Every structure is written in C-alpha cells, then in structure tokens.
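**Q** show me the folded form of this:
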Amino acid sequence: MAVDTLDTTAAAGTRRLEEIIISADSHVSEPSDLWVQRLPATFRDAAPRFGERSADKKIEGRAGGYDPHARVREMEIDGVSAEVLYPTLGLRLFGLDDVSLQQACFRVFNDWLIEYCNVAPDCLVGLGCISMYDTAQAVEELERCKRAGLKGAIIWQAPHPDLPLHSEHYDRFWAAAQELDMPVSLHILTGHNYSKDMEARKGVEHYRGSVNLKLFDAMNALFELIFYGVLHRYPRLKIVIVENEIGWLPFALQQWDYYYRRFVKNNPPPIDREPSRYFERQVYATFFNDAVGGHNFGWWGVDNCMWSNDYPHANSTWPNSLKVIERDLGHLAPEARSKLVRENVVNLYGLSLPHLGKRS
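**A** Below is the predicted model:
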C-alpha cells in the first residue's frame, strides 16, 4: 500500500500521544554550495559543486533538511521525537580519490552538522563523516566529533580496493571507536562502488544498482567484519548497516552459520563462535520499507533492527510515519515494537531524552 493512501486509524492516533518514536536513519540536506563557501582557500578550486536544491517542496526540498528550527516543527507533524542524521550530498564524497580533499570536505560537513544539531541536541542526533585513507587522521576527527557532541561515525561501505575492511589498516580506528563508544555506520551510496558512476547507469542498469549491487556491498562488508575477526578482536565495537533494509539478513546469517559449522574444523576462521552470534552482539540494521523484514520480527531481529523514516528524501514515510508504523509493526507485542521504534536506538547511541519521556 502506498504511504499516501494509508488510512488514519484510532490506534495510530492513540500512538501519537502515547509513544516516543525515534528514526534511526534520517538525513540533512546540506547547502549545495557548502564546500565552495567553507573549504580552505587551498581546496576552493577543487570544491565539490552540486546543483541547486530540488524545487520539489513536498519532500526533498522541505526546509527542515537544512533548517533545524523547521525540522523540529516537521518532526512534530510526523510524530517523531528524535532523528539520527546522515548526509545527503556528503554521501557522494566517500568516493573521492583525493585524500586531503576528502578529509577537508568531511571536516566542513561535520562542523556544519555540529551547528545544526546544537539547535536541538536532544532531538537531533548527528553522526560525523570520517575519511579512512589515513587512520591517524581518522581517529583525530572521530575524537573531535565526540567532543563536539556527535554520537557516532560514518565510514565508507565500499572501501578503496587497496584498503579492504578486514585489513590491519583499520585497527587503530576500530579500537578508538570502541573506546569512545562511537558506533560506526555503513550507509548505502558511500565509497568506491556503483555510486561513483550512477549517472551512467541508465535504463535497466539503474535497477541493478538499486538492488543487486547495493546488497552486494552490504553483505560483503558485514562478511569481512565478522569472518575476518574484526568484531571478535573488538567486542565492544558497534556497527550499523544503514538503508540496506533487513529482509536478507536472517538468510545470510543462517547460511554463514551453516557453513561455519560445516567447515570450521578443517578451515577455521579467526572467530570462536557462529557468525550470527557476533551480529547479535554488535551489529544493528535500519529499515523503513521492507515488508519481508517486517514479517520476520516474530522470530528474528527485534534486538538489532531500528525503524527509520529517511526524511526528507523522496521515498520518506513523512508525514505518515505513525500510520506506516501501525501498518507494519502494529501486530507486534508492545515490548518488541518499543525496541524497534525507540529502545534499540536509544541504547546504541546512549541517548538521554528526559523531556520526551513525559509523553510515554
């Protein structure tokens, strides 16, 4: 059923008054000239240039994407109390090949996001973009983001081919993220993958990127973090798989567990338990448009999955998020539903929302 055809129900109206809803994956809409205006002079000529913001005011161009005051009002319309914030234009910059330029661009974005979130820090949960070419610099920027109040980090989901996620290159960063209690997000459209040539993907090939290649990136990233022992070596490191949906996850974990049990004696990977156990302990995944994933919640996922609205993008559930939640999660027990729409994200990022608690 399309979001805009959902019926308003009495139950959904009651939920608006009773329930705190938090989106684990929403977005800001950076000014298109952000990097042109803010990069140091040495990078100005190479600054990323984007077209004007969409004129479609229905969703993508809503003022809340770039104006935090407007965003708080639009969150109230949607019945959402807080949102975890990812970039929009900035996602494309994870594929930059110029190391110094990427580092400078991410620092500009992080500064802008810090300003944005400071308007309503209890409601706006920012995550810093981190360049992973130089892990010493990455740790410094991670520490700076932590001091400034950001709650986690975003790194590339598809790393540079010379820097696979399982390599020792990342060890210093994983250790710092663990010690700082900064969850690390892997978001679609980040890094050295199909997103770098999206404009060339016309016609049928556009669908391959939207489904097949997106899933390939997410599955391979998670495989490397589990099977190569990253999560084993850093047991308090938290990873978030973002906007890749969740219906595929129990199948992949089932298969990984099966083959781990089958071959572990003859070909032991550097882990000491089934892959699904690492996922349960350290990995989270966001969802917002996945009926298959929703049907699995009766037996899988309520401790690791987190609802999101993807505001202000064109396929967002705004302003009907409460209706969508009621449609997709209304069959669940209250305890399971509360984990998916609030508790998991609160626990993951250590959120404290005392003024919102009065609404529950």
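
**Q** what is the neighbour count of Pro269?
**A** Around Pro269 there are 14 other residues, counting by other Cβ atoms under 10 Å. Backbone N, C-alpha and C define where each C-beta goes, glycine included.

**Q** quick check: it is in a strand.
**A** No: secondary structure of Pro269 (DSSP: H, G, I helix; E, B strand; the rest coil): coil, not part of a strand.

**Q** what sits against it?
**A** By Cβ atoms under 8 Å, 6 or more residues apart in numbering, Pro269 lies in contact with 227-229, 260.

**Q** then Asn344?
**A** With Cβ under 8 Å, 6+ apart, Asn344 has these contacts: 24, 284, 303-306.

**Q** narrow the residues you listed to just the buried residues.
**A** 24, 284, 304-306 (16 or more other Cβ atoms under 10 Å).

**Q** of these, which belong to helices?
**A** Among those, no residue falls in helices (DSSP state H).

**Q** cross those residues against strands and list the overlap.
**A** Within the buried ones among the contacts of Asn344, residues falling in strands by DSSP state E are 24, 284, 305-306.

**Q** which one of those residues is nearest to Asn266?
**A** Nearest to Asn266 among these, counting by Cβ to Cβ, is Tyr284 at 32.5 Å.

**Q** just to check, the closest one is in contact with Trp307?
**A** No: at 11.5 Å, Tyr284 and Trp307 do not qualify as touching, with contact defined as Cβ atoms under 8 Å.

**Q** mind listing the shared neighbours of those two?
**A** Ala24.

**Q** now for the ones in strands among the buried ones among the contacts of Asn344, which pair is the farthest apart?
**A** Maximum pairwise distance in these, criterion Cβ to Cβ, is 8.8 Å, between Ala24 and Cys305.

**Q** and for Leu124, nearest residue in space, chain neighbours not counted?
**A** In space, and not counting its chain neighbours, Leu124 is closest to Cys117: 4.3 Å by Cβ to Cβ, 6 or more residues apart in numbering.

**Q** give the contact list for the one you found.
**A** Going by Cβ under 8 Å, 6+ apart, Cys117 touches 68, 85, 124-126, 149-150.

**Q** hang on, the earlier thing: overlap of the contact sets of Ala24 and Cys305?
**A** Applying Cβ under 8 Å, 6+ apart, one finds that Ala24 and Cys305 are jointly contacted by 284, 286, 344.

**Q** for the first one, give me the pLDDT.
**A** Meaning Tyr284. Note for Tyr284: predicted pLDDT of 98.

**Q** picking that back up, please report phi then psi for the residue nearest to Leu124.
**A** Dihedral pair for Cys117: phi -70, psi -30, per degrees, to the nearest 10.

**Q** what pLDDT does it get?
**A** 98.

**Q** same deal with the one 4 residues further on?
**A** Here the pLDDT value assigned to Pro121 is 95.

**Q** quick one: residues contacting it.
**A** Shown in contact with Pro121 (Cβ under 8 Å, 6+ apart): Gly149.

**Q** where does it land in three-state SS?
**A** coil.

**Q** how far away is it from Asp25?
**A** 19 Å (Cβ to Cβ, to the nearest Å).

**Q** next: Lys339.
**A** 16 Å.

**Q** name the helix or strand of the protein that has the lowest mean pLDDT.
**A** The weakest-scoring helix or strand in the chain, judged by mean pLDDT, DSSP states H and E, is helix 10-18 (a mean of 43).

**Q** circling back: tell me which two of the contacts of Asn344 sit farthest apart.
**A** Longest span within the contacts of Asn344, Cβ to Cβ: Ala24 and Asp303, 13.7 Å.

**Q** the residue nearest in space to the middle of the chain bridge partners, please.
**A** Centroid-nearest residue in the chain: Val242, 3.6 Å away (criterion: Cα atoms, centre = their mean). Val242 has these beta-bridge partners by DSSP bridges: His187.

**Q** my read is that it contacts His187, right?
**A** Yes: at 4.2 Å, Val242 counts as touching His187 under the criterion of Cβ under 8 Å.

**Q** anything in contact with each of the two?
**A** Shared contacts of Val242 and His187, counting by Cβ under 8 Å, 6+ apart, come down to 25, 86.

**Q** now Glu245: phi and psi?
**A** Recorded main-chain torsions at Glu245 are phi 60, psi -180, according to degrees, to the nearest 10.

**Q** ok so, going back, quick one: which of the contacts of Cys117 is nearest Glu326?
**A** Once Cβ to Cβ is applied, the member of the contacts of Cys117 that ends up nearest Glu326 is Val125, at 23.8 Å.

**Q** does the closest one belong to a helix, a strand or coil?
**A** Quick answer, by three-state DSSP: Val125 is strand.
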